[in-house]
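**Student:** coords please:
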Amino acid sequence: MNWYLLAFKNYATFNGRARRKEYWMYALFQILILLAFSTFMGILDLPEESIFSTLLSSLLGLYFLGSIVPTISLAVRRMHDIDKTGSHVLIYFIPFIGSIWFLILTIKEGTVGKNKYGPDPKKPYDELDAIGVTEE
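**Tutor:** Okay, the predicted model is just below:
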């Protein structure tokens with residue numbers, strides 16, 4: 001649950017890097033929330049015209065609307081981890097191949113060590129920093 005909350009803690013942080021684990025744990029929780037909600041709606045078996053059904057659907061819509069910015073910022077930070085610009089998130093919108101390409105980018109291991117977007121999130125305190133050596 002901590003990984004999920006971390007995305008909301010860094011709500012609109014578009015700089016820095018995000019590990020694969022952070023990205024995929026957030027995605028897992030988003031899927032679990034959708035599945036839980038769908039299951040709950042299926043168990044209730046409410047008619048589509050009912051006020052309660054409309055209210056629940058509206059709440060789900062508001063939740064996902066509220067999670068758009070954290071989702072995009074996390075995706076941008078994930079791209080930074082593989083040393084790509086945040087605009088690579090737009091690849092997702094290319095029909096057919098875009099979602100597959102974006103999936104491959106998010107699965108790819110991040111750059112080891114420091115890159116132009118910040119320190120390695122797996123090891124933010126580099127051994128070189130410990131002895132006072134700077135990279136040039």
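**Student:** count of residues packed around the residue nearest to Val112 when sequence neighbours are not counted?
**Tutor:** Take Val112 and drop its neighbours on the chain: the residue closest to it by CB to CB, 6 or more residues apart in numbering is Asp120, 6.3 Å away. For glycine as for every other residue, the C-beta is placed from the backbone atoms N, C-alpha and C. Asp120: 17 surrounding residues under other CB atoms under 10 Å.
**Student:** Do I have it right that Asp120 meets Arg17?
**Tutor:** Yes - under the criterion of CB atoms under 8 Å, Asp120 makes contact with Arg17 at 7.4 Å.
**Student:** give me the low-pLDDT residue ranges for this structure?
**Tutor:** 1, 124-136 (pLDDT under 70).
**Student:** Enumerate the helices of it by residue range, in sequence order.
**Tutor:** For the chain, helices defined by DSSP state H occupy the ranges 2-9, 20-44, 51-66, 68-81, 97-107, 127-130.
**Student:** Deepest in the core, which of the ones you listed is it.
**Tutor:** helix 68-81 (a mean of 21; mean count of other CB atoms under 10 Å).
**Student:** then that one to PDB, C-alphas only?
**Tutor:** Taking C-alpha atoms only, helix 68-81 is exported to PDB below (Å, rounded to 0.1, in the frame of the first residue of the first chain):
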ATOM      1  CA  ILE A  68      -5.000  11.300 -13.600                       C
ATOM      2  CA  VAL A  69      -2.200  13.700 -12.400                       C
ATOM      3  CA  PRO A  70      -0.500  11.200 -10.100                       C
ATOM      4  CA  THR A  71      -0.600   8.600 -12.900                       C
ATOM      5  CA  ILE A  72       0.900  10.900 -15.500                       C
ATOM      6  CA  SER A  73       3.600  12.200 -13.100                       C
ATOM      7  CA  LEU A  74       4.500   8.700 -12.100                       C
ATOM      8  CA  ALA A  75       4.800   7.700 -15.800                       C
ATOM      9  CA  VAL A  76       7.000  10.700 -16.500                       C
ATOM     10  CA  ARG A  77       9.300   9.800 -13.600                       C
ATOM     11  CA  ARG A  78       9.400   6.200 -14.900                       C
ATOM     12  CA  MET A  79      10.500   7.500 -18.300                       C
ATOM     13  CA  HIS A  80      13.200   9.600 -16.500                       C
ATOM     14  CA  ASP A  81      14.400   6.400 -14.800                       C
END
